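Enquirer: everything below, folded, please.
(one chain, ligands or ions: 1)
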Amino acid sequence: MNKLRMALIQLKVGSNKVLNISNARSMVLKASKEGANVVVLPECFNTPYGTAYFNDYAEEINSSEMGPTTLALSKMAKDAKVFLVGGSIPERAADSGQIYNTCTIWNDQGTLIGKHRKMHLFDIDVPGKITFKESDVLSPGNELTSFATPWGHIGVGICYDVRFPELAMIAARRGCFAMVYPGAFNMVTGPMHWEALMRARAIDNMIFVAGCSPARDLDFSYHAWGHSIVVGPKGDVKATCEFDETIVYADLDLAEIKEIRTNIPIYDQRRFDMYPDVSK
Ligand SMILES: O=C(O)CCC(=O)C(=O)O
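Expert: Predicted coordinates:
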């Protein structure tokens, strides 16, 4: 169990929710036929990305009212027999009615094994270029997330969460071999930081890191950067793509983690005595 194939579905997402779900299903099944063990969908894969859409597309997840996207994710993981990091969808909390940007994670039996609510909301203002304020409609999650697979544990963050290195560091120190980020960077911060952040988190922690974006669609106001990517524990780009709809495959050999941690042993050289405020 030292090797696995990961597939990132760079899905073209439109305004038709039913179509978004059925396209996701076709591509997950296709990835499974190509031998993928862990499949990842992008951030907000059932809705166009934008605060104006989230309320209309929101669904409940952990309740008897489980919505159609969540039910479909369970079925696609089971039918494809893959571990599925189900991108994210706007989640309406059954108790409070608050909306979260939430990733559900499914095992190959279609059982829900994890749920990550985006912890850091994307509130930025780059004058003249991009202003976005998720907190107008979304609430932040308050939990770190990882899940078990036969290959080991994988940590999960959503998009803007990748800018906060603590998530990946804590996951790695708890033994995760990878961090996976469904994300939808844009045409301003995408070229500036997307690949660099993925590589930074990989190099910091000597783990695999994956970022899965939607495809770019110029019919909508938010233009995703695309460039879904898998980075190895040495910081090397294992696989990536441009901005059209596609599936990115990467074969991960977990022995690479041990190799780089042996060769460049920062992992055991940390001076926690000098920075006690950093989580161990
Ligand atoms: O961090 C960025 O530049 C983009 C983040 C983003 O698009 C998101 O969190 O959805």
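Enquirer: Gln10 reaches Arg216, doesn't it?
Expert: No. Using CB atoms under 8 Å, Gln10 is not in contact with Arg216; the gap is 9.2 Å. To be clear about C-beta, it is placed using only N, CA and C from the backbone, and glycine gets the same treatment.
Enquirer: got any residues that touch both of those two?
Expert: Contact criterion CB atoms under 8 Å, 6 or more residues apart in numbering; residues shared by Gln10 and Arg216: Gly226, Phe243, Asp244.
Enquirer: ok, of those, which come out buried?
Expert: Neighbour-count burial (16 or more other CB atoms under 10 Å) is assigned, among these, to Gly226, Phe243.
Enquirer: nearest to the ligand, of the shared contacts of Gln10 and Arg216?
Expert: Distance to the ligand, by CB to the nearest ligand atom, is smallest for Gly226 among the shared contacts of Gln10 and Arg216, at 12.3 Å.
Enquirer: who's more crowded, Gln10 and Arg216?
Expert: Under the criterion of other CB atoms under 10 Å, the comparison of Gln10 against Arg216 puts Gln10 first, with 27 against 22.
Enquirer: and the stretch 51-200 of the chain, which of its residues are near the ligand?
Expert: Residues of the stretch 51-200 of the chain lying near the ligand by CB under 6 Å from any ligand atom: Phe122, Cys159, Tyr160, Arg163, Ala184, Phe185, Asn186, Thr189, His193.
Enquirer: just the helices in the stretch 1-150 of the chain please.
Expert: 17-33, 51-57, 68-80 (DSSP state H, counting those that start in this stretch).
Enquirer: to Ala202, which of these lies closest?
Expert: For Ala202, the closest of the helices of the stretch 1-150 of the chain is helix 17-33, at 21.9 Å, according to CB to CB.
Enquirer: which positions within the closest one qualify as buried?
Expert: Buried residues in helix 17-33, counted by 16+ other CB under 10 Å: Lys17, Asn20, Ile21, Asn23, Ala24, Arg25, Met27, Val28, Ala31, Ser32.
Enquirer: mean pLDDT and distance to Ala202 added to the helices of the stretch 1-150 of the chain, as TSV?
Expert: Shown next, in TSV, are these (pLDDT from 0 to 100; distance: least, CB to CB, whole Å):
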stretch	mean pLDDT	distance to Ala202
helix 17-33	98	22
helix 51-57	94	30
helix 68-80	97	26
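Enquirer: turn those into a markdown table, including distance to Lys238.
Expert: A markdown table is the format used below for the helices of the stretch 1-150 of the chain (distance: least, CB to CB, whole Å):
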| stretch | distance to Lys238 |
| --- | --- |
| helix 17-33 | 16 |
| helix 51-57 | 32 |
| helix 68-80 | 22 |
